[in-house]
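Engineer: Give me coordinates for this.
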Amino acid sequence: MNTLIILDRDGVVNEDSDNYIRSVDEWIPVPGSIEAIARLSKAGYTLAVATNQSGIARGYYPLSELEAMHTRMNQLVQEQGGHIDCVRYCPHGPDEGCQCRKPETGLVDQIEQHLNMSASGAWLVGDSLKDLQCARRKHCQPALVRTGKGERTLAKGEGLEGVPVFESLADFADHLLGHF
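Structural biologist: Residues are numbered from 1 along each chain as shown. As a prediction, this is how the structure comes out:
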C-alpha cells in the first residue's frame, strides 16, 4: 500500500474562487479540511500538496503572498497535530508550455523526488478534470471532491470512470480511515 496522499489545494484544502485566491486573508480552509489532513498525517500517511498557481504568472499576487498562504496552511495543520510533508506549485500560465502545470505530471515528479518515494498507487485528491488526468498519467488513484470546482467537474461528466467521489476532503479522510 502506498502511504502517499497528494492533494490539490484550491477547492480541496481551501475555498476556491474564479477570481483566484490572492492573499492570506482570502485563503479560507474548506470546513474540516485542516483536521482531515492532520488526521491522515497522524494515521501515518505522507501528505503532499500539488497546486497550479497561474495567478503568479498573471501578476495577481507575488510569490511571497503564495508562500505566506502555504505557511498559514502548514501552521493550521500543525496546530491540529499533523504535518504536510511537501508543497509544490506551478507558477506558470496556461500557455507557457511547462511540464509542471496539471494535467502535466511535473508537480508529482517533484514530490516524488523531494520525498524519495513513488507516487504510483498513491491517492491524488482533486476537484477538477486536470487533477484526475494528472493522477491517471502518474498511475495514482484519483479521487474527486464535490467542494471547489468538484460539482462543475461532475456536471461535465467526462473522465470520471472509476473515480470515487467524496463530499469533501473530510469525507475522503473518513472513508480512508474507516470512520463511516
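
Engineer: mean confidence for the longest strand that the chain contains?
Structural biologist: Counting by DSSP state E, the longest strand found in the chain is strand 46-52. For strand 46-52, mean pLDDT rounds to 98.

Engineer: got the CA positions of it in CSV?
Structural biologist: Taking Å, rounded to 0.1, in the frame of the first residue of the first chain, the C-alpha atoms of strand 46-52 are listed here in CSV:
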residue,chain,number,x,y,z
THR,A,46,2.6,11.2,3.9
LEU,A,47,0.8,14.3,2.8
ALA,A,48,1.8,16.5,-0.2
VAL,A,49,0.1,19.4,-2.0
ALA,A,50,0.4,19.9,-5.7
THR,A,51,-1.2,23.2,-6.9
ASN,A,52,-1.4,25.2,-10.1
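
Engineer: What residues sit buried inside the helix or strand just after it?
Structural biologist: Using DSSP states H and E, the helix or strand that follows strand 46-52 towards the C-terminus is helix 63-79. Of all the residues in helix 63-79, those buried under the rule 16 or more other C-beta atoms under 10 Å are 65-66, 68-70, 73-74, 76-77. C-beta: built from backbone N, CA, C; applies to glycine.

Engineer: where's the closest residue to residue 30 other than its chain neighbours relative to residue 171, distance?
Structural biologist: Spatially, and ignoring its direct neighbours in sequence, residue 30 is nearest to residue 147 (5.0 Å; C-beta to C-beta, 6 or more residues apart in numbering). According to C-beta to C-beta, to the nearest Å, residue 147 and residue 171 sit 9 Å apart.

Engineer: shaky segments in this structure?
Structural biologist: 1, 179-180 (pLDDT under 70).

Engineer: now the strands: where do they sit in it?
Structural biologist: 4-7, 46-52, 86-90, 123-126, 141-145, 165-166.
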